[in-house]
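Engineer: Requesting a structural model of the entry that follows:
(chains A and B)
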Amino acid sequence: MSGIVLEDVRKRFGETRALDGFDLTAAEGELLVVVGPSGCGKSTLLRCIAGLEAVDDGLIRIGDQDVTRIRPAARNVSMVFQSYALFPHLTVRENIAFGLVVREEPKEVVRARVAEATQLVGVEALLERRPYELSGGERQRVALARALVRRPDAFLLDEPLSNLDAGTRVEMRTELRRLHREIGATMLHVTHDQVEALTLGDRIAVMDAGRVRQVGPPDELYLRPQDRFVAAFLGTPAMNFLPADAARPFLPVPDGTVLGVRPEHLRLVADGVPARVEIVEVAGSDAFVHVDRGLVSKVPSDGRPAEGMQVGLAIDRADAHLFDEASGARVEWT
Amino acid sequence: MDVTERRQVALMLAPYLAGVTALVVLPALVTFALAFTEYDLLRSPSFVGFDNFRELAEDDIFAIALKNSLVFAAVAVPLRLAGALGLALLLHRRFTGVGLYRSAGVVPTIVPEIAYGLVWLWLFNPLYGPINLLLRWHGDSPTTTAWGVQPPQWLTHPNDARAAIIIMSLFTIGEGFVILLVTRQGLPSELYDLAALEDATAWGLFRRVTLPLMTPILLLLFARDTIFSLQWTFIPALIVTEGGPPPYSTTYVPLFVYRNAFEYLRYGYAAGATLTMFLITAVIVWLQWRIVRRWRKGFVVAA
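Structural biologist: Here you go, the predicted structure:
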């Protein structure tokens, strides 16, 4: 297994900068999740690492090898696609063995590796079926087995869970985590789903407009976002933002800054800043309380106020984030 | 579908159904009925039972025409499909001028058949036709090619004439080309990305990915082109080779039917030949369809 290093990688499509000075390092054996909104360049990033797109500038290293200009097959990476990319005319066994057969590996090697990979993802019973006979989850397992069978230096996973229903997605998320632990491979997983990113990654890289905004462990990104984009992107519902004037009833906020507070940290109290409850959304054990100041508070469902009620709001300074109004960069409290 | 929708569908289908009934179904039924009669347009048709079919079975010219038609289809259909597939694979990507090349692939198909036949009559002319002029270029003598053999006698030698009709058919592949072009463009690009990561060669990619995924459509086109080929020979044989050279080298079933009906005024006999050809075509297509059915399931998923 090998780590992946990207240094100042640039890729343009006409006037669009898909990757705009992209820097990222995935350590050997790490499961690094790249998360960002649709169209931010995530898939282009993976395609550039795989060699399916030529980069305009920059350096890509896999292990010790500079792979920036070498053909895809020589990079020894496996890719799992959102659409699974299974060959409809081949059985599960033939799909998994495809890469080995194309490379003309001996039959015994193919047989042994296919058996090993199918056992790892639990598709032994499906080997003679064709893709149209499989469920979404089963197809994704087969795609994973096909990626595993060649023992690549690194795995590139392009939104592999996006086409699955909610239940299967959760199941496959756990499965991916288990698989990663078992094989200890370097995995670069891109997704637009922040929950997937937060639950799956050893580290997360938040990406926007072709650049990395912040890289770090999930809790670090959630608790100490380095800029307003990262703060807004991670968390459901999104972080509340208050310009300095609107924030002052809560905390003494300096001019030129924006106060950010996560919904779970916007407390409902008896003697707080007065507000009227407009809408209450109940989501199982939690309720999202929308108040007339354009803010959202997350409270336990059993303690939720009724719509139309007057409530008091409070924010603790320890839970509040400050961002520069112009640049969006994090500002520390003084 | 409720009653109103059904009425709307019936109303929209009505003009088409009326046209098909008047122009296809009724003439076909009349032809089938005429196959059991003797009819010369002057006297009323008289019922002769299976006499026309008995005569056809013993008719050497019909046997030659049938054999010519089947050999033509057996040679021309695979070549036409290979040509259409080759063009589709060559032109499915976008590059400067691709629209022009694609148009060039379709144009011969939309040229009126008579005009197409007349153009080829000139192209194949053994004396001043450009094909033989080109073949004789730098020849040792005015009548031999550069490699010392006589160029094909397209209009006078039996095998050369049959080859000429096949060559003519290889340029009217526009419909197959367009269908295969669209099919190729519809194949998921991820499969090709994956094959690139697995180090598949161009030939391996064609053999393991492109061809299997396009085969269901190729088989459908194979059936369709077989029907087409068994009918297509009429104008070229009439205009370019006139059914010859002797003995009936390019007399195909459509020309045989035409001559019996409109030159010898044997409508009943011609109808019998038509019905025989119809049944043979139906059997061929039925056999092909049985093969196609096996592939359909896989293709639905691919599409």
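Engineer: isn't A:R17 right next to A:D56, touching?
Structural biologist: No: using C-beta atoms under 8 Å, A:R17 is not in contact with A:D56, being 9.4 Å away. From N, CA and C alone the C-beta is placed, and that goes for glycine too.
Engineer: Neighbour count for the two, which is higher?
Structural biologist: Legend: neighbour count by other C-beta atoms under 10 Å in any protein chain shown for A:R17 and A:D56, higher for A:R17 (17 against 14).
Engineer: For the helix or strand containing that one, which strands pair with it and how are they oriented?
Structural biologist: Assessed by DSSP states H and E, A:R17 sits inside strand A:16-26. Using DSSP bridges, strand A:16-26 pairs in its sheet with strand A:4-13 (antiparallel).
Engineer: what residues does the strand it pairs with touch?
Structural biologist: Residues outside strand A:4-13 that contact it (C-beta atoms under 8 Å, 6 or more residues apart in numbering or on different chains): A:17-26, A:41, A:44-45, A:48-49, A:53, A:55-62, A:154, A:186, A:188, A:210.
Engineer: what does stretch A:20-32 give?
Structural biologist: Taking C-beta under 8 Å, 6+ apart as the rule, stretch A:20-32 contacts A:1-10, A:34, A:41, A:45, A:58, A:63, A:154, A:176-177, A:180, A:184-189, A:200-205, A:209-212, A:215.
Engineer: Where does the prediction get shaky in the stretch 101-250 of chain B?
Structural biologist: For the stretch 101-250 of chain B, the stretches with pLDDT under 70 are B:142.
Engineer: which strands and helices sit next to the host helix or strand of B:T281?
Structural biologist: Element membership for B:T281, per DSSP H and E: helix B:267-302. Judged by 3 or more C-beta pairs under 8 Å, 6 or more residues apart in numbering or on different chains; DSSP states H and E, helix B:267-302 is in contact with helix B:26-34, strand B:37-38, helix B:51-58, helix B:60-91, helix B:211-232, helix B:253-258.
Engineer: Can I get those in TSV including distance to B:L194 and mean neighbour count?
Structural biologist: Formatted as TSV, these follow (distance: least, C-beta to C-beta, whole Å; neighbours: other C-beta atoms under 10 Å in any protein chain shown):
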stretch	distance to B:L194	mean neighbour count
helix B:26-34	49	14
strand B:37-38	63	18
helix B:51-58	56	15
helix B:60-91	19	18
helix B:211-232	13	20
helix B:253-258	47	23
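Engineer: I'd like the ones you listed laid out as CSV, including distance to chain A.
Structural biologist: Formatted as CSV, the helices and strands packed on helix B:267-302 follow (distance: least, C-beta to the nearest C-beta, whole Å):
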stretch, distance to chain A
helix B:26-34, 38
strand B:37-38, 51
helix B:51-58, 43
helix B:60-91, 17
helix B:211-232, 4
helix B:253-258, 37
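Engineer: Averaging pLDDT over each of those, report the lowest-scoring one.
Structural biologist: When the helices and strands packed on helix B:267-302 are ranked by mean pLDDT, helix B:211-232 comes last with a mean of 90.
Engineer: number of nearby residues for the residue of the stretch 101-250 of chain A found nearest chain B?
Structural biologist: Nearest residue of the stretch 101-250 of chain A to chain B: A:Y132, at 3.7 Å (C-beta to the nearest C-beta). For A:Y132, the neighbour count with other C-beta under 10 Å is 14.
Engineer: B:A164 now?
Structural biologist: 24.
Engineer: same check, this time on A:G3
Structural biologist: The burial count for A:G3: 18, using other C-beta under 10 Å.
Engineer: just to revisit the earlier point, columns distance to B:T4 on top of the helices and strands packed on helix B:267-302, output as TSV?
Structural biologist: Listed next are these as TSV, based on distance: least, C-beta to C-beta, whole Å:
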stretch	distance to B:T4
helix B:26-34	31
strand B:37-38	46
helix B:51-58	49
helix B:60-91	42
helix B:211-232	35
helix B:253-258	45
